[in-house]
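>>> this is the structure alone, sequence omitted:
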């Protein structure tokens, strides 16, 4: 039997604004930095991700993330290019290309590390769903910009607090979060540099396993098309 390319983990209401969202897990990845991890996308159920950004509706899945598109300047520092893989995942979902959660077996999960939040903030997923899947997975990574919000507190110790600047780091640390900080080009952050971004390193998220929300503070230099918008402030 052929293993499905992905699974619809579930539809749920966003705790941010009440819109209907969907979590989809794809099983293969060619991402050089992460390695071949299962990738979880959090998307609006009935608005494609490109239109969602253009209309500001990505607020439902990204909340107050500072890397969203600025409606006044049009700048967007998020490194994810939604017009490529994210849009493809949403379209495949709409075509009915993915299997159901009930088709996903513990045996399949036991062979995969899960990247929670390839796109979208994974803290809006019901924690019970995360816990059920993660119990059987080989490992995971996860990051949330919603670490100040009440609904995200269940993920403390499971996801890294995504921090932008020293003030964020100090606040999140004081509240018990392990932090993942994005710094401007040429500057260091708090804790340990992401091993996968060190020159000549062959490390990948798949092999590193530091970003589980409980091990260490990690920092990375801004990268991707939005890096130019990341400042030292």
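Thanks, I have it. All figures in this text were calculated on a predicted structure; none of them were measured in a lab.

>>> quick one: low-confidence parts of this protein?
The model of the chain has pLDDT under 70 over residues 1, 223-233.

>>> contact partners for the most centrally placed residue in it?
Centroid check for the chain by Cα atoms, centre = their mean gives residue 117 as the closest residue, at 2.2 Å. Counting by Cβ atoms under 8 Å, 6 or more residues apart in numbering, residue 117 touches 40, 42, 142-144, 159. Heads up, the C-betas are built off the backbone N, CA and C, glycines and all.

>>> ok, residues contacting stretch 62-71?
For stretch 62-71, contacts defined as Cβ under 8 Å, 6+ apart pick out 16, 53-54, 56, 58-59, 75-79, 120-121, 124, 145-146, 149, 162, 164, 226, 229.

>>> now, of the residues you listed, which are buried?
Buried by 16 or more other Cβ atoms under 10 Å: 16, 53, 58-59, 76-78, 120-121, 124, 145-146, 149, 162, 164, 226, 229, out of these.

>>> helices - which of those land there?
Judged by DSSP state H, helices contain the following of these: 53, 59.

>>> residue 141 contacts residue 115, correct?
Yes. Between residue 141 and residue 115 there is a contact at 5.3 Å, judged by Cβ atoms under 8 Å.

>>> so what sits against both of these two?
34, 37, 205.

>>> residue boundaries of the helices in the protein?
49-55, 59-62, 87-94, 106-109, 127-134, 166-174, 205-208.

>>> single out the most deeply packed of those helices.
Here the criterion is mean neighbour count by mean count of other Cβ atoms under 10 Å, and of the helices of the chain the winner is helix 59-62, at a mean of 24.

>>> how much distance is there from it to the middle of the chain?
With Cα atoms, centre = their mean, to the nearest Å as the basis, helix 59-62 stands 12 Å off its chain's centre.

>>> begin at 56, not 1, for the rest of this chat.
OK, 56 is where the count begins now, so the last one is helix 114-117.

>>> can you pull the buried residues of stretch 149-167?
Within stretch 149-167, the residues that qualify as buried are 153-154, 159, 163-164, 167, counting by 16+ other Cβ under 10 Å.

>>> check the separation of the first and last residues in it.
End-to-end distance of stretch 149-167 (Cα to Cα, to the nearest Å): 25 Å.

>>> can you give the contact residues for that stretch?
With Cβ under 8 Å, 6+ apart as the test, stretch 149-167 has contacts from 58-65, 79-80, 82, 92-93, 147, 188, 191-193.
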